[in-house]
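Enquirer: Got a predicted structure plus its sequence, pasted below:
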Amino acid sequence: MSDDDVLLRARGLTKTFGDFTAVDGIDVEVRRGEAFGFLGPNGAGKSSTMRMIGCVSPASGGELRILGLDPASDGPAIRARLGVCPQKDILDEDLSVEDNLHVYGRFFGLSRSEVRERTTALLDFAQLTERRHDRVEPLSGGMKRRLTIARSLINNPEVLLLDEPTTGLDPQARHVLWDRLFRLKRQGVTLIITTHYMDEAEQLCDRLVVMDKGRIVAQGSPRGLIEEHSTREVLELRFDPDEQAGHLDALADVGERVEVLPDRVLVYTADGDAALATVHARGIRPVSSLVRRSTLEDVFLHLTGRTLVD
Ligand SMILES: Nc1ncnc2c1ncn2[C@@H]1O[C@H](COP(=O)(O)OP(=O)(O)OP(=O)(O)O)[C@@H](O)[C@H]1O
């Protein structure tokens with residue numbers, strides 16, 4: 001990859017808080033125009049990484065270059081070309097929808113006419129044109145999130161940082177938001193996203209790193225990671241809680257691998273239906289069974305022995 005294609009390069013990037021290491025020497029490369037994800041559970045170090053990329057928190061060690069610039073010396077120049085959408089909406093709830101955009105535009109030093117032009121375009125992008133004169137406070141969670149994203153785009157950034165963009169949203173609001181993010185990507189904006197939702201990482205990201213306890217445990221495309229670290233299908237079996245342990249020996253060789261969770265047994269296999277037939281042939285009767293495709297959740301479980309969401 002040529003240097004022109006690399007939007008962000010981190011080598012041995014580290015963040016410590018006193019004796020505690022939140023980000024432990026990670027190597028990452030983000031290409032221009034892609035949607036790049038940091039997937040990991042709470043506490044993995046995703047937000048700490050994002051704050052270093054957003055030039056709001058200095059790195060404790062390692063190297064970081066964004067748009068070819070060094071955050072330690074070129075923070076304001078980088079920030080002028082970034083959009084930052086934080087985990088929590090920090091909107092002015094007493095102002096109208098459009099005034100939230102106006103205030104932010106003026107803060108970025110845009111002229112009055114630039115602010116008006118950007119506001120019209122961003123209200124349309126966020127599907128909030130009809131609500132432009134309404135106060136923010138009574139808007140739905142999904143609308144507030146879209147307004148926060150619109151606001152972070154006021155300076156027409158080349159890169160948008162999104163920290164857990166859909167946490168707390170219902171499924172429909174999440175899909176509307178994903179659709180807006182796809183649109184931005186088509187317009188050439190590079191997206192850097194943290195998430196602990198495996199479906200979000202799979203839907204949105206071209207490539208991602210899986211983080212755990214400050215380290216990168218795997219990286220690649222969603223499909224590539226699943227192919228490398230899991231099987232094509234998974235058979236999920238649920239038993240009466242008292243009976244699960246008694247079936248584990250008989251299930252051990254049904255698939256390529258078995259993972260045991262407190263409330264279910266996961267059998268990893270290329271053919272879930274064939275595995276289920278074997279289970280039945282052995283006289284094992286689960287309370288319920290489900291055959292599904294492997295996901296990034298299975299990748300995380302395989303690599304760390306834990307689930308993404310507690
Ligand atoms: N300012 C701070 N001082 C001390 N410890 C911190 C600070 N910020 C984060 N940490 C710790 O660093 C670790 C990583 O936190 P971080 O917020 O980066 O994780 P995360 O993957 O983004 O999780 P979440 O989704 O919960 O924010 C956590 O154990 C957290 O408690």
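Expert: Now that the structure is in, tell me what you want to look at.
Enquirer: Alpha carbons only: can I get the helix ranked longest in the chain in CSV?
Expert: Scanning the chain for the helix with the most residues, using DSSP state H, yields helix 171-186. The C-alpha trace of helix 171-186 is given here as CSV (Å, rounded to 0.1, in the frame of the first residue of the first chain):
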residue,chain,number,x,y,z
PRO,A,171,-33.2,-2.0,15.6
GLN,A,172,-35.1,0.3,13.1
ALA,A,173,-33.1,3.4,14.2
ARG,A,174,-29.9,1.5,13.9
HIS,A,175,-30.7,0.5,10.3
VAL,A,176,-31.5,4.1,9.4
LEU,A,177,-28.2,5.2,10.8
TRP,A,178,-26.2,2.5,9.1
ASP,A,179,-27.9,3.6,5.8
ARG,A,180,-26.6,7.2,6.4
LEU,A,181,-23.1,5.8,7.1
PHE,A,182,-23.1,3.8,3.9
ARG,A,183,-24.0,7.0,2.1
LEU,A,184,-21.1,8.8,3.6
LYS,A,185,-18.7,6.0,2.6
ARG,A,186,-20.0,6.2,-1.0
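Enquirer: Quick one: name whatever helix or strand follows that helix.
Expert: Downstream of helix 171-186, the next assigned helix or strand under DSSP states H and E is strand 190-195.
Enquirer: Residues of the stretch 51-200 of the chain that sit close to the ligand?
Expert: residue 164 (C-beta under 6 Å from any ligand atom). In short, each C-beta sits where N, CA and C put it, glycine included.
Enquirer: all strands of the stretch 51-200 of the chain, in order?
Expert: Secondary structure of the stretch 51-200 of the chain (DSSP state E, counting those that start in this stretch): strands at 61-66, 82-85, 159-163, 190-195.
Enquirer: got those strands as CSV, with distance to residue 126, mean pLDDT and mean neighbour count columns?
Expert: Formatted as CSV, the strands of the stretch 51-200 of the chain follow (distance: least, C-beta to C-beta, whole Å; pLDDT from 0 to 100; neighbours: other C-beta atoms under 10 Å):
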stretch, distance to residue 126, mean pLDDT, mean neighbour count
strand 61-66, 26, 97, 18
strand 82-85, 12, 94, 22
strand 159-163, 13, 96, 23
strand 190-195, 16, 96, 25
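Enquirer: re the thing from before, can you mark which positions in the longest helix of the chain are buried?
Expert: Neighbour-count burial for helix 171-186, counted by 16 or more other C-beta atoms under 10 Å, picks out 173-174, 176-178, 180-181, 184-185.
Enquirer: so residue 38 sits right up against residue 48, yeah?
Expert: No: counting by C-beta atoms under 8 Å, residue 38 does not reach residue 48; the two are 10.3 Å apart.
Enquirer: Give me the more crowded residue out of the two.
Expert: The residue with more neighbours, out of residue 38 and residue 48, is residue 38; 26 against 22, by other C-beta atoms under 10 Å.
Enquirer: Can you report phi and psi for the residue nearest to residue 31 when sequence neighbours are not counted?
Expert: Leaving aside its chain neighbours, residue 31 sits nearest to residue 5 (5.3 Å; criterion: C-beta to C-beta, 6 or more residues apart in numbering). Main-chain dihedrals, residue 5, degrees, to the nearest 10: phi -80, psi -10.
Enquirer: Could you count how many residues lie near residue 5?
Expert: Residue 5, neighbours per other C-beta under 10 Å, totals 12.
Enquirer: Next: the one 3 residues further on.
Expert: Neighbouring residues of residue 8 were enumerated by other C-beta under 10 Å; the total is 19.
Enquirer: how near is it to residue 87?
Expert: According to C-beta to C-beta, to the nearest Å, residue 8 stands 20 Å off from residue 87.
Enquirer: and what of residue 294?
Expert: 28 Å.
Enquirer: Could you check which of the two is surrounded by more residues?
Expert: residue 294 (20 against 15).
Enquirer: Return the backbone torsion pair for the more buried one.
Expert: Taking degrees, to the nearest 10 as the convention, residue 294 sits at phi -70, psi 150.
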